[in-house]
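**Q** Next input, structure requested:
(2 chains)
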Amino acid sequence: MRPYRQIGSAILLLAGSAAAHAGTVTVYSALESDEIAVYLDAAKQALPDIDIHVLRLSSGDLAARLLAESAQPRNDAIWGMAVTDMLEPRIAALLTPVRGTHINRMPSAFRAADGRWFAPTGFLAALCVNREALAEHGLPMPRTWTDLASPRYRGQVAMPDPASSGTGYMLLSSLSDAGRDPKGMQVVLDIARNVGQVTLSGSAPCKLARIGEFPIGISFAFSAMQSIRQGYPVSMVIPEGARGYELEASGLMAKASNPGDARRFLDWTASPEAAVLYRGYKEIVAAPGSVPSAEQQREGLPADLVATLPARDFATAARERAALIARYKRLTR
Amino acid sequence: MTVVVAAAPRSRSRPIAATLLLAVPVAGLVLFFLHPLATVLWRAVTDADGTPTLANFARLLDDPGLPRAAWRSLAIGLATTATTVPLGLCLAMALHRSRLRGKLLIRGALLLPMLAPSLVLGLGLVCLLGRNGLVHRLTGLPTDIYGFWGLLLANTLYGLPQVTIIVSAALARTPARHYDAATSMGAGDGRQFLDVTLPRLRYALLAAAFLVFTETLTDFGSAVVVGGSYRVLAMEIYSEVVGQLDFAMGATLGVLLLAPALLSVGLARLAKRRQDSGDARPGQPLVPRRNAPRDLFLGVVSVIALLPLVAIVATVAYVSVVKLWPYDRTLTLANYTTGMPDGYGPVATSLGVALAAAVAGTPLVFALAAGLRRAPATLSRPVQFLASLPAAVPGMVLGLGYVLAFNHGALSGVFYGSAALVAACSLYHYHAQSFLTMQTGMRQAPEALEDAVVTSGGGTRHVLRDAILPFTVPAAVSTFFYLFMRSLVTLSGVIFLVTPTLGLASVTVMRLDENGFLAQAAAYAMCVVIAGALALGAMRLLLHAFKDRHHVA
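**A** Model prediction:
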């Protein structure tokens, strides 16, 4: 009997280690592992009494996981998830309004009126252009979305699938004005015709571009700036015309097992100290007065970026998502 | 289990033992495979409120991209099967029916794709044969792998070890007397291959073809990396589930993919026919005759088949030690030491999970295959189908099923977030492959010997020990290592099961790559390969020590 008891207690121990206890906050996040490490170091200094556990998943995987666990959520908070994914009605229903000193001070464009989400950071659609590969194919540098629709780029573009990537959907939704602008829709379809490799995630096209597989990757500014910093022959192009962007939202789970500490942690993520750290990684930082660093501006980020962002109705974008993607599929396949 | 059998009274021991032999592994299949699978597939036939409906299937017909994706999946599945099975047959022949030297090299090369995290195959293909890959940079050739051919190459390389393992299981332990008899009747090597070898291989080849075909349909790992605009069904499932959070549609596509698993019912019928009902002793082991043209042919095919495998893993190893692939190829070891927020702890966790899956899985699969030998057709056919079904289930669908089934409810307290659950998910994801390998090996055991043991008063335990085990040892060993390696690196299902405190090596590799650290991802993957290879080496040594002491193999 004894070995069975030992096996049993070992399993219980394994299971027990996952369960939350006082002072522990479990956070699901779609931020990148390296930035999470930096933010967590600072958060642990500011909140020494909280033990913060973070599970990092890509935004789509995270949404699927949340939905699958929705009957009995295992996390206290969501930290940095594409807001259009978070506002998917079934996921938004898992959240409860969260307020705090820092959260309440955030600009109104970066938080929900009902307090269900707030977004200290965001990302901006951008092209990663590999200058070497572009020259090898004798192609000109694209400057606008319409440039990219030209048949001369046939097969030379890597693009995220709008059906599986937030970045892809952001592109589709913002260029076509949520499907209402037929001219914009045509541009998206023409770009889709030039695509040599469709990717699942928004950063993958940039990664293909940086190693020279495709001269142009449709991605977001963070990836482009990361490529430049790592030393690849990559230029960041923020196409003229409609600016596509997405916010990285956070929220509190309604069934959080430790809501008090989770709220304190979330409020910290909206603090000015955290905003300083975000600058090292993010193109869009919501904190008032935060401007792109000198390096970011050198890499091509406009100094007045946040002021030039068009207002986006994220709730509508999230609601109309399925229909718009279905239409896009019909038009491209 | 055998302990229970021994303790039971003599007269009842046979039925009880035989029943347990089947009941325990079937219970495992039901709890850890059928139950989660049914939980997720139930959504295909119900609406949001749980009322039964066929609306999801109607929506399938409505999707314009789907028929094309289905045709493409079918085309790539057939093409992959048609290339992988003959190549795998040649490799297995080279291992067991040739006098080639360097068989250890062949075995080693075949291990590479199994030890490497699934990302490595795609990463290596792109870095080697991509538009700006190594081959292009060295030769200037306009290489382009994106599309059908890249997909065919990736799937073939993925399936090759599997086919070789199964065919090898049928070729090992063949008594020399068959070939001696053929020789004495004047049959040449070609004739012997057709008349003696091939008939013995029929089951193995069909099982291998079944696995490669169904797996190619469900695998989206390669499709996503090198598929280009050649979209296959597995991609559609991913985009429904993860992209659009439409579990119902994902489940409906999952049901569609189960259809090929029906082919395995045919295998069940074939499995019943023993290939060797002759005498009861293994006899002299076979030593292949000298035949230079045969060896030359097998050698050349082996090199052609294995060269890409080695080159791909070598490319990833190379990527892991250069500064900035492909622009600054100064050698450095910095990628192994810096920029790893997760540390190397997940490698240890993965090794533990893999060991658990292999240790639990091998006896379970052995018992199942043994139990099926004498089971009536009414029982054996459904069980065979169930045991082969996992091959037709995409890892993502199974992983999702695990969350839905074990996150809440009675079992969640025990299993949620545990390494045991990850091990179970890996085991049942690769159940079909393990089971069919074991079954192929077990068919080597002559029925006559089984009868002899029974006649001389032996119970189930004796039949297993004296008649079945000696013939099945090579297949059991392959199954063990197969499960170990696959569980070490599997990603698609377990991605749903990791928690903040339970990290896995394959997930870390994926994260590093996702976050844009190519070199670190390659470095981490190489560490997994090395750790896995060391563990394999250690287990091989143990096995040898055991073999010398017990003379089992």
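
**Q** alpha carbons only for contacts and neighbour counts from here, please
**A** OK.

**Q** Quick one: low-confidence residue ranges for chain A.
**A** Scanning chain A for pLDDT under 70 picks out A:1-22.

**Q** The residue of the stretch 401-550 of chain B found nearest chain A: what's its closest spatial neighbour, skipping adjacent residues?
**A** Nearest residue of the stretch 401-550 of chain B to chain A, counting by CA to the nearest CA: B:P500, 4.5 Å away. Nearest non-adjacent residue to B:P500, counting by CA to CA, 6 or more residues apart in numbering or on different chains: A:L55, 4.5 Å away.

**Q** helices and strands around the strand or helix carrying that neighbour, which ones?
**A** Per DSSP states H and E, A:L55 falls inside strand A:51-56. Strand A:51-56 sits against strand A:24-29, helix A:33-46, with contacts defined as 3 or more CA pairs under 8 Å, 6 or more residues apart in numbering or on different chains; DSSP states H and E.

**Q** Partner strands of it and their direction?
**A** Note on strand A:51-56: by DSSP bridges, its sheet partners are strand A:24-29 (parallel).

**Q** who's in contact with the partner strand?
**A** The contact list for strand A:24-29 (CA atoms under 8 Å, 6 or more residues apart in numbering or on different chains) reads A:20, A:50-59, A:62, A:74-81, A:258, A:261-262, B:500.

**Q** tilt between that strand and helix A:33-46?
**A** On the basis of axes from the mean of the first three to the mean of the last three CA atoms, to 10 degrees, strand A:24-29 is oriented at 150 degrees to helix A:33-46.

**Q** Spatially central residue for the chain, please.
**A** Going with chain A. Nearest residue to the geometric centre of chain A (CA atoms, centre = their mean): A:A82, 4.5 Å.

**Q** looking at chain B here, not the other one
**A** B:Q433 (4.5 Å).

**Q** just to revisit the earlier point, please list only the buried members of the contacts of strand A:24-29.
**A** Among those, those classed as buried by 16 or more other CA atoms under 10 Å in any protein chain shown are A:20, A:50-59, A:62, A:74-81, A:258, A:261-262, B:500.

**Q** Now do the helices for the stretch 201-333 of chain A: every range, in order, please.
**A** For the stretch 201-333 of chain A, the helices defined by DSSP state H, counting those that start in this stretch occupy A:204-210, A:221-230, A:259-269, A:272-278, A:294-298, A:305-308, A:314-319, A:321-332.

**Q** In the longest one, which residues are buried?
**A** Think helix A:321-332. A:R321, A:A322, A:L324, A:I325, A:Y328, A:K329.

**Q** Just put those residues in a markdown table and tack on distance to chain B.
**A** Formatted as a markdown table, these follow (distance: CA to the nearest CA, whole Å):
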| residue | distance to chain B |
| --- | --- |
| A:R321 | 8 |
| A:A322 | 7 |
| A:L324 | 11 |
| A:I325 | 9 |
| A:Y328 | 11 |
| A:K329 | 7 |
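
**Q** circling back to that earlier point, which residues does the nearest residue to the residue nearest to the centre of chain A once chain neighbours are set aside contact?
**A** In space, A:A82 comes closest to A:E248 once its chain neighbours are excluded; the distance is 4.8 Å by CA to CA, 6+ apart. With contact taken as CA under 8 Å, 6+ apart, A:E248 is in contact with A:W79, A:G80, A:M81, A:A82, A:V83, A:A119, A:P120, A:T121, A:G122, A:F123.

**Q** Can you check my assumption that the first one lies in a strand?
**A** Yes: according to DSSP: H, G, I helix; E, B strand; the rest coil, A:W79 belongs to a strand.

**Q** what sits opposite it in the beta ladder?
**A** Per DSSP bridges, the residues bridged to A:W79 are A:S29.

**Q** So which residues of the chain form strands?
**A** By default, I'm working from chain A. Using DSSP state E, the strands of chain A run over A:24-29, A:51-56, A:77-82, A:95-96, A:118-130, A:157-160, A:195-199, A:216-220, A:234-237, A:245-253, A:284-285.

**Q** Hmm, no, I was thinking of chain B.
**A** Applying DSSP E to chain B gives strands spanning B:322-324, B:328-331.

**Q** For stretch B:436-447, measure first residue to last.
**A** Distance between the two ends of stretch B:436-447: 19 Å, counting by CA to CA, to the nearest Å.

**Q** what mean pLDDT would you report for it?
**A** Stretch B:436-447 shows a mean pLDDT of 87.

**Q** Now for the residue of the stretch 151-300 of chain A found nearest chain B: which residues touch it?
**A** Closest to chain B within the stretch 151-300 of chain A is A:S164: 3.4 Å, counting by CA to the nearest CA. A:S164 makes contact with A:G60, A:L200, A:S201, B:Y238, B:S239, B:E240, B:V242, B:G243, B:Q244, according to CA under 8 Å, 6+ apart.

**Q** Looking at the residues you listed, which is nearest B:A23?
**A** B:Y238 (34.5 Å; CA to CA).

**Q** who's in contact with that closest one?
**A** Taking CA under 8 Å, 6+ apart as the test, what B:Y238 contacts is A:S164, B:G250, B:M396.

**Q** Which ones among those lie within helices?
**A** Using DSSP state H, B:G250, B:M396 are the members of the contacts of B:Y238 that sit in helices.

**Q** burial count for the residue of chain B at minimum distance from chain A?
**A** Proximity of chain B to chain A (CA to the nearest CA) peaks at B:G243, 3.4 Å away. Using other CA atoms under 10 Å in any protein chain shown, the number of residues around B:G243 comes to 26.

**Q** Pretty sure it sits against A:P160.
**A** No: between B:G243 and A:P160 there is no contact under CA atoms under 8 Å: 11.1 Å.

**Q** How about the residues of the stretch 1-150 of chain B by chain A?
**A** Within reach of chain A by CA under 8 Å from any CA of the partner chain, the stretch 1-150 of chain B has these residues: B:D63, B:P64, B:G65, B:V126, B:G130, B:R131, B:N132, B:G133, B:Y146.

**Q** pretty sure the fifth one is touching A:F214, no?
**A** No: counting by CA under 8 Å, B:G130 sits too far from A:F214 to count as a contact (9.5 Å).

**Q** can you pull the contacts of the residue nearest to the centre of chain A?
**A** Neighbouring residues of A:A82 by CA under 8 Å, 6+ apart: A:A30, A:S59, A:G166, A:E246, A:L247, A:E248, A:A249.

**Q** If any of the residues you listed are buried, put those into a PyMOL selection.
**A** Buried residues within those, by 16+ other CA under 10 Å, are selected in PyMOL with:
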select buried, chain A and resi 30+59+166+246+247+248+249
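
**Q** got CSV for the contacts of A:A82, with distance to B:L21 too?
**A** Shown next, in CSV, are the contacts of A:A82 (distance: CA to CA, whole Å):
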residue, distance to B:L21
A:A30, 46
A:S59, 44
A:G166, 50
A:E246, 56
A:L247, 56
A:E248, 53
A:A249, 53
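
**Q** Let me know which of the strands of chain B is tucked in deepest.
**A** Among those, strand B:322-324 has the highest mean neighbour count (mean count of other CA atoms under 10 Å in any protein chain shown), at a mean of 19.

**Q** which residues sit against that strand?
**A** With CA under 8 Å, 6+ apart, strand B:322-324 has contacts from A:Q230, A:G231, A:Y232, B:D328, B:R329, B:T330, B:L331, B:T332, B:L333, B:N335, B:A519.
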